[in-house]
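In: With the sequence up front, the predicted model follows.
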Amino acid sequence: MDMDTLKRLEKELKNCVKCGACRAHCPVFSVVGREPVSARGKIALVRAALSGQLSLDARTRDVMSKCLLCGRCVEKCANDVPTDLIVLAAREALARKRGATFFHRLTGFLLRNRALLSGGATLVSLFGPLLFRKVPASSGLRLRFPLPFIGGQRHFPKIAARPFLARHPEIIQGEPGRPRIVYFVGCMTNFIYPEIGEAAVELLKSLGCTIIIPKNQHCCGFPALSGGDLDTFRELAERNLAALESHQADYVMTACASCGGAFHRMYPLVLGERYPALAKRFQALSEKAVDASELLQKLGLKPDQGASPLQEITYHDPCHLRSRGIVRQPRELLRTVPGLRLVEMQNADSCCGLGGTFTIHHYGTSMKINTQKTAAIKSSGVETVVTGCPGCMLQLSDGLQQAGSKARVQHTLEILARSLFRR
Ligand code: SF4
Ligand code: SF4
């Protein structure tokens, strides 16, 4: 039973010819430097587990948890070995055999009970000053006392006093004949960065679109999946399907790279393969799902309608956009903004080190990976770093603030909306 999930990937596992080409591209290997954490090493461990030479013990769990699911190894593998899916299958097998970790049980419970999650976010927002102190010379917050799962040095943004989903009606009517866009908001935008959602609404309104923001949408489920909690992942995916399908949409828009990654890769490949009854529906969703930068470009957004003061920015590629080839679109949109100069940083497409729940379990390694990114941003000399993923925003801000940088981190949509509406 525990091994069933791994057996499904036997063919893919055999495709690994142990060439090691993936090692040079793995951000975790680059700072840990031990073979087992590389893609090749993890594949070897899973093969050993399948042949009975290795048990699914605590050490195996530790190695399998050391993966950002960044997909870099998959992109670089000439044999198309899907290491991210193999790691996820191993985490599922480990969770089934050993039980999910306390953190992932708690996460799964909160994600399935959205009212509790919202209530918890409101409490943190209300009692923020008791939990956090403002960091001098920056806008970030630091914990006043250590809490489980949270690195003491970490800088936090504020939790929104009012979640984005509570701010707008479900349907914002647009002009006749213009596209109907279902907006999948995602937890980070909803609770932490509602300004991204506000920018999305303004931009889509300016294009005459009808905007549908389903009230019954849920977390995409990525945090549950990354802990091997397939039952929660499936439940959330099915609830989202129901919420998104009930509206006749031309597009389903995400402005979070990870939510988009869930729709495009994880729903069809992790769930669709296993539950054929759902596969068609996942396929239909992934055909309609677009990243905001893709969509705005397709709809002909022209940020040059406005004017902004001269500013230099740099752009960080989120892994879950880069791996889908969404690299050109945000840059092209940003380059059309008058007064904005895009300065490319070194290794703009390297991972920021967040990796969803990876940063919870391995904060030290996560920040070591981030050090390289922070250094690249600082040496680009710009005051603003732009990206297309709220998760990356959290991690980039933390790294920059710890490094004493005053550089701001903003979402592509915020920059575009500001140029149009002079905020
Ligand atoms: S996963 Fe791909 S790149 Fe890595 S060792 Fe195997 S075949 Fe080579
Ligand atoms: S998905 Fe990323 S972190 Fe995980 S093994 Fe591959 S390259 Fe390394």
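Out: Thanks, I have it. Ligands and ions are numbered 1, 2, ... in the order given.
In: The residue lying closest to residue 383 once chain neighbours are set aside and residue 312: what is the separation?
Out: Setting aside the residues directly before and after it, residue 383 is nearest to residue 407 in space (C-beta to C-beta, 6 or more residues apart in numbering), at 5.6 Å. Placement of C-beta: from N, CA and C, glycine included. Applying C-beta to C-beta, to the nearest Å, the value for residue 407 to residue 312 is 11 Å.
In: higher neighbour count, these two?
Out: Neighbour totals were compared for residue 407 and residue 312, and residue 407 leads with 20 against 14 (other C-beta atoms under 10 Å).
In: Quickly list the domain ranges of this protein.
Out: Structural domains annotated on the chain: 4-98, 303-421, as defined by automatic domain parsing.
In: Am I right that residue 315 is in contact with residue 349?
Out: No - using C-beta atoms under 8 Å, residue 315 and residue 349 do not qualify as a contacting pair, with a distance of 9.7 Å.
In: who's more crowded, these two?
Out: Each of residue 315 and residue 349 has its neighbours counted (other C-beta under 10 Å); residue 315 has more, 24 against 16.
In: check contacts around that one.
Out: Taking C-beta atoms under 8 Å, 6 or more residues apart in numbering, we find residue 315 in contact with 330, 331, 334, 342, 344, 345, 348, 385, 386, 387, 412.
In: And for stretch 241-251, what's in contact with it?
Out: Outside of stretch 241-251, the residues within contact range by C-beta under 8 Å, 6+ apart are 179-182, 184, 212, 214, 216-218, 252, 278, 281-282, 284-285, 288-290, 295.
In: Make JSON lines from the domains of the chain and add distance to residue 273 to it.
Out: Supplementary listing: those in JSON lines, determined by distance: least, C-beta to C-beta, whole Å:
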{"stretch": "domain 4-98", "distance to residue 273": "7"}
{"stretch": "domain 303-421", "distance to residue 273": "19"}
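In: Columns mean pLDDT and distance to ligand 2 on top of those domains, output as JSON lines?
Out: Below are those laid out as JSON lines (pLDDT from 0 to 100; distance: least, C-beta to the nearest ligand atom, whole Å):
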{"stretch": "domain 4-98", "mean pLDDT": "94", "distance to ligand 2": "3"}
{"stretch": "domain 303-421", "mean pLDDT": "92", "distance to ligand 2": "7"}
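In: Compare those and give me the one nearest residue 269.
Out: Among those, the nearest to residue 269 by C-beta to C-beta is domain 4-98 (6.1 Å).
In: Quick check: residue 121 vs residue 165, distance?
Out: For residue 121, the distance to residue 165 under the criterion C-beta to C-beta works out to 11 Å.
In: Could you do residue 407 as well?
Out: Applying C-beta to C-beta, one obtains 30 Å for the distance of residue 407 from residue 165.
In: How much space separates the residue nearest the centre of the chain from residue 17?
Out: Here the mean C-alpha position of the chain is nearest to the C-alpha of residue 258 (C-alpha atoms, centre = their mean), at a distance of 2.9 Å. Relative to residue 17, residue 258 is positioned 30 Å away (C-beta to C-beta).
In: Quick check: chain neighbours aside, which residue is closest to whichever residue of the stretch 51-200 of the chain sits closest to ligand 1?
Out: Shortest the stretch 51-200 of the chain-to-ligand 1 distance, computed as C-beta to the nearest ligand atom: residue-wise this is residue 77, at 3.2 Å. Among residues not flanking residue 77 along the chain, residue 22 sits closest, at 5.6 Å (C-beta to C-beta, 6+ apart).
In: Now do the same contact list for the one you found.
Out: Contacts were defined as C-beta under 8 Å, 6+ apart; by that measure residue 22 touches 38, 39, 40, 72, 73, 76, 77, 81, 83.
In: ok, the closest residue to ligand 1 within the stretch 251-400 of the chain - contacts?
Out: Proximity of the stretch 251-400 of the chain to ligand 1 (C-beta to the nearest ligand atom) peaks at residue 323, 15.0 Å away. Residue 323 makes contact with 70, 71, 72, 74, 75, 261, 265, according to C-beta under 8 Å, 6+ apart.
In: Now render the residues you listed as CSV, adding secondary structure, neighbour count and distance to residue 203.
Out: Written out in CSV, the entries for those read as follows (DSSP: H, G, I helix; E, B strand; the rest coil; neighbours: other C-beta atoms under 10 Å; distance: C-beta to C-beta, whole Å):
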residue, secondary structure, neighbour count, distance to residue 203
70, coil, 26, 28
71, coil, 20, 28
72, helix, 24, 30
74, helix, 20, 32
75, helix, 15, 30
261, helix, 26, 22
265, helix, 20, 26
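In: Many thanks, we can stop here.
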